[in-house]
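Participant: could you work out the structure for the sequence below:
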Amino acid sequence: MDLGLRDHVCLVTGSTAGIGLATVNLLRAEGAIVVSTGRSGGDVQADLSRAGEPERVVRETEEMHGRIDVLVNNVGGTDIRKLEELTEADWQSSFELNLMTAIRATQAALPGMRARGAGTLVNVSSTAAKRPSTSMPDYSVMKAAMLSFSRLVADLYAKDGVRCNAVTPGPTATGAWLGEGGLADQQGNRDEVLAKVGAGRPLGRLAEPEEIAAVIAFLCSPRSSYVTGAAWSADGGTVPIII
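Facilitator: Numbers count the residues shown, from 1 in each chain. Have a look, this model is predicted:
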């Protein structure tokens with residue numbers, strides 16, 4: 001299916017590996033003009049957890065390509081931690097990485113989108129936003145806040161032609177889980193942990209990054225033109241629909 005993204009200018013944050021990189025590759029395959037970012041590479045190198053950096057990346061993208069049609073806020077990360085062990089500094093660090101990166105980039109991109117009367121934002125949240133993970137307490141709270149922020153932006157700027165949606169992935173086969181010292185290693189024997197985590201999904205496995213990227217790309221595209229203010233689960237059936 002042609003998603004209608006040819007020549008759309010897309011900025012994808014946190015996009016040198018994992019879900020972000022898979023999203024970049026898919027959007028480029030659809031003919032989009034894509035700017036990638038990361039701490040150690042990408043088209044624009046930046047540590048987006050630092051104040052001023054999201055704004056700089058947005059500004060440089062607009063200078064290079066004249067506009068931003070699509071913004072995907074994908075930056076995020078966590079470690080396995082207990083609630084009672086988290087310090088105030090831990091909470092602040094998670095706030096800057098998992099929430100403020102998206103807020104700052106969105107606030108920087110909105111004026112241009114509103115002036116053109118068109119724009120699309122996709123925020124990568126987590127299934128932990130809907131059902132908090134007891135081993136990722138700060139991450140769960142920040143990703144839940146991202147869902148609220150997404151809905152707020154959708155409500156405020158729909159009249160300006162701007163859509164905003166969120167995606168809530170479950171555990172995904174990226175370096176965050178599979179890498180040395182990653183989330184699996186932090187919980188014990190890697191193979192045993194990954195088997196247990198996979199078995200905890202109705203589909204019986206972790207997601208592949210490309211499967212999450214496919215949902216993101218659809219929400220970026222004109223094919224989803226009547227979708228805004230939504231939080232799309234891509235978690236293998238982990239969090240049930242409440243009716």
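Participant: give me the helices and strands touching the longest helix along the chain, please.
Facilitator: For the chain, the longest helix by residue count, based on DSSP state H, is helix 137-157. Based on contacts counted as 3 or more CB pairs under 8 Å, 6 or more residues apart in numbering; DSSP states H and E, the elements that helix 137-157 packs against are helix 88-95, helix 101-116, strand 119-124, strand 162-169, strand 231-234. Every C-beta, even on glycine, is put in place using the N, C-alpha and C of the backbone.
Participant: and it with strand 162-169, angle?
Facilitator: Going by axes from the mean of the first three to the mean of the last three CA atoms, to 10 degrees, helix 137-157 is angled at 160 degrees with respect to strand 162-169.
Participant: any weak-confidence spans in the protein?
Facilitator: 240-243 (pLDDT under 70).
Participant: closest to the centroid, which residue in it?
Facilitator: For the chain, the residue nearest the mean C-alpha position is Val124 (2.3 Å; CA atoms, centre = their mean).
Participant: ok, the closest residue to that one other than its chain neighbours - contacts?
Facilitator: If the residues on either side of it in the chain are set aside, Val124 comes closest to Asn74, at 4.4 Å by CB to CB, 6 or more residues apart in numbering. Asn74 makes contacts with 12-15, 19-20, 23, 124, as judged by CB atoms under 8 Å, 6 or more residues apart in numbering.
Participant: for Val197, same thing?
Facilitator: So Val197 contacts 171, 177, 184, 206 (CB under 8 Å, 6+ apart).
Participant: look up the closest residue to the second one, ignoring the ones flanking it.
Facilitator: When you say that, I think you mean Trp177. Excluding its sequence neighbours, the residue lying closest to Trp177 (CB to CB, 6+ apart) is Leu183, at 4.9 Å.
Participant: am I right that that neighbour falls within a helix?
Facilitator: No - residue state for Leu183 (DSSP: H, G, I helix; E, B strand; the rest coil) corresponds to coil; a helix is not indicated.
Participant: now do it: how many residues are near it, please.
Facilitator: 23 (other CB atoms under 10 Å).
Participant: what about Phe149, distance to Leu156?
Facilitator: Phe149 sits 11 Å away from Leu156, going by CB to CB, to the nearest Å.
Participant: with neighbour numbers in mind, choose between those two.
Facilitator: Comparing Phe149 with Leu156 by neighbour count (other CB under 10 Å), the higher total belongs to Phe149, at 19 against 13.
Participant: ok, now which ones touch Pro222?
Facilitator: Pro222 neighbours (CB under 8 Å, 6+ apart): 3-5.
Participant: most neighbours among those residues, which one is it?
Facilitator: Neighbour max across the contacts of Pro222 (other CB under 10 Å) = Leu5, 25 neighbours.
Participant: picking that back up, closest one of the contacts of Pro222 to Ser221?
Facilitator: Ranked by distance to Ser221 (CB to CB), the contacts of Pro222 are led by Leu3 at 3.8 Å.
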